[in-house]
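S.K.: Just a sequence and a predicted model for now, questions to come.
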Amino acid sequence: DGNLSTGTLLDYLMPTSAEIPELTIGHLARPAANPLGVRGVGEGGTLGPNAVLAGALGDALGISIDTLPITPARVWKELQ
């Protein structure tokens, strides 16, 4: 009938182990078709935010951050 059954985000429940399908993990044992024979492991999505945070912190404080991870000690050292 087109009635909305989820009026707010509170109507969505947190998934539990009962809703998650069983996982099957497999390993690929043949080289990729590139000169080095290597494959990526999906880390691309985790690299960008670190650089963005380093740039934002550097801009906000007027310092240069060119190594990761950003630790309080490293920020303090750059501020001195």
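M.R.: Yep, it's here. Since the structure is predicted, the reported quantities are computational estimates derived from the model, not experimental observations.

S.K.: The lowest-mean-pLDDT helix or strand in the chain: what's the following helix or strand?
M.R.: Using mean pLDDT, DSSP states H and E, the weakest-scoring helix or strand in the chain turns out to be helix 44-61, at a mean of 84. Downstream of helix 44-61, the next assigned helix or strand under DSSP states H and E is helix 72-79.

S.K.: list the buried ones in that next one?
M.R.: residue 78 (16 or more other C-beta atoms under 10 Å). Using the backbone N, CA and C atoms, a C-beta is placed for each residue, glycine as well.

S.K.: tell me the average confidence for that helix?
M.R.: Averaged over helix 72-79, pLDDT sits at 91.

S.K.: Kindly report the same for stretch 33-43.
M.R.: Stretch 33-43 shows a mean pLDDT of 76.

S.K.: Alpha carbons of it, as PDB, please.
M.R.: Extracted in PDB, the C-alpha atoms of stretch 33-43 (Å, rounded to 0.1, in the frame of the first residue of the first chain):
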ATOM      1  CA  ALA A  33      48.600 -10.600 -14.700                       C
ATOM      2  CA  ASN A  34      50.900  -7.700 -14.200                       C
ATOM      3  CA  PRO A  35      54.700  -7.300 -14.300                       C
ATOM      4  CA  LEU A  36      55.200  -7.800 -10.600                       C
ATOM      5  CA  GLY A  37      52.600 -10.600 -10.200                       C
ATOM      6  CA  VAL A  38      51.100  -8.800  -7.200                       C
ATOM      7  CA  ARG A  39      47.500  -8.000  -6.200                       C
ATOM      8  CA  GLY A  40      46.000  -5.300  -4.000                       C
ATOM      9  CA  VAL A  41      44.400  -6.200  -0.700                       C
ATOM     10  CA  GLY A  42      41.800  -3.400  -0.500                       C
ATOM     11  CA  GLU A  43      43.700  -1.000   1.600                       C
END
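
S.K.: thinking again about what came up before, and the angle from the least confident helix or strand of the chain to helix 72-79?
M.R.: Put simply, helix 44-61 runs at 40 degrees to helix 72-79, going by axes from the mean of the first three to the mean of the last three C-alpha atoms, to 10 degrees.

S.K.: Before I go, just wanted to say thanks for your time.
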